[in-house]
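Asker: no sequence for this one, just the structure:
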């Protein structure tokens, strides 16, 4: 009787442990912190970060262009006039200036 119980017990326990281990790793592979669900969220975060990076790079390029126009050796007269009008609110007859908030 004892041999029969231990034999049937070992026939059930080993497959049960294998099933439990398989279930654990399968669950972790899908819902774990590095699973498929986390991977899709990470891809969405990466896409958002790439778009923010592109916006920052575009802004940087625009600022670098303005800096190049304000070079000491050859200042762009149109940019100088734009800055003077914006800062000093100077106008010509017939011009209208609207002050803007500084960003």
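Answerer: Done, it's in. Predicted model only: the values in this text are computed from it and were never measured. Numbers count the residues shown, from 1 in each chain.

Asker: buried sites along the longest helix seen in the chain?
Answerer: When the chain is parsed with DSSP state H, its longest helix is helix 36-69. Residues of helix 36-69 classed as buried by neighbour count (16 or more other Cβ atoms under 10 Å): residue 69. C-beta here means a position set from N, CA and C on the backbone, and glycine is covered the same way.

Asker: Check the secondary structure at residue 72 for me.
Answerer: coil (DSSP: H, G, I helix; E, B strand; the rest coil).

Asker: Check residue 14 too.
Answerer: Following three-state DSSP, the label given to residue 14 is helix.

Asker: if we can go back for a sec, check the average confidence over the longest helix of the chain, would you?
Answerer: Taken as a whole, helix 36-69 carries a mean pLDDT of 92.

Asker: Show me what that helix is packed up against.
Answerer: The helices and strands touching helix 36-69, judged by 3 or more Cβ pairs under 8 Å, 6 or more residues apart in numbering; DSSP states H and E, are helix 2-31.

Asker: Please name every helix or strand in contact with the helix it packs on.
Answerer: helix 36-69.

Asker: Geometric centre of the chain: which residue is closest?
Answerer: residue 49 (1.7 Å; Cα atoms, centre = their mean).
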